[in-house]
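Q: quick one, what's the 3D model for this:
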Amino acid sequence: MKGMDNRGFSLMELIITIAIMAVLMSVLTPQLLRYVESSRIQKDETFLSEVESAVKVACASMDVYDALPSGDVYATVTIDEGSPVTSDITPLEEELHRIIPDSVDFVSKKYEAAGAQTVHVSIDTYRKIVIVTNSWEAAPAP
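A: Predicted structure coming up:
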């Protein structure tokens, strides 16, 4: 009978293989988790940028533009976990709800723990330029 001498792997070989796999997993898992969190942060920042773009689009509406304050006073758009995007200017909020109808769902630990994010909207003294700044970047958006 051929093949009778083929007994498979010994218990020692299996234990060594499992130990090597455990060491590899313990080394690779933290790095993988960093990549996952990094991609979640990137997703949240992309969403926040989309909200900022939506604010700029909403400001193109004449009703919103006329309701915006000018000079040193600004309107605030609030982006908070679990609720729709809100604003202290009613026409702006209504326009944003048409553009972004769903509630906000941050997926990264950074933005879940940070709380509400804000976008500030104002018009210069000549009522020419809509100025938008946000709370998640140090410099104003162009």
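
Q: the helices in the chain, which residues?
A: 11-59, 62-67, 90-99, 109-114 (DSSP state H).

Q: now the first one: average pLDDT?
A: Going back to what we said before, that points to helix 11-59. Helix 11-59 carries an average pLDDT of 92.

Q: select, out of the helices of the chain, the one closest to residue 77.
A: helix 11-59 (5.6 Å; CB to CB). All C-beta spots, glycine's among them, are computed from the backbone N, C-alpha and C.

Q: packing partners of that closest one?
A: strand 75-79, helix 90-99, helix 109-114, strand 117-123, strand 130-134 (3 or more CB pairs under 8 Å, 6 or more residues apart in numbering; DSSP states H and E).

Q: which other residues reach the second one?
A: Right, the one you point to is helix 90-99. Residues from elsewhere that reach helix 90-99, judged by CB atoms under 8 Å, 6 or more residues apart in numbering: 51, 54-55, 57-59, 61, 63-64, 66-68, 75, 77, 84-87, 121.

Q: next, the angle from that helix to strand 75-79.
A: Per axes from the mean of the first three to the mean of the last three CA atoms, to 10 degrees, the angle that helix 90-99 makes with strand 75-79 is 30 degrees.

Q: and helix 90-99, how far out from the chain's middle?
A: Relative to its chain's centre, helix 90-99 lies at 20 Å (CA atoms, centre = their mean, to the nearest Å).

Q: okay, buried residues for that helix please.
A: Using 16 or more other CB atoms under 10 Å as the test for burial, helix 90-99 gives 91, 92, 93, 95, 96.

Q: between these, which is closest to residue 37?
A: Proximity of the buried residues of helix 90-99 to residue 37 (CB to CB) peaks at residue 96, which lies at 28.4 Å.

Q: I'd say residue 85 and residue 102 touch.
A: No: counting by CB atoms under 8 Å, residue 85 stays clear of residue 102, with 9.2 Å between them.
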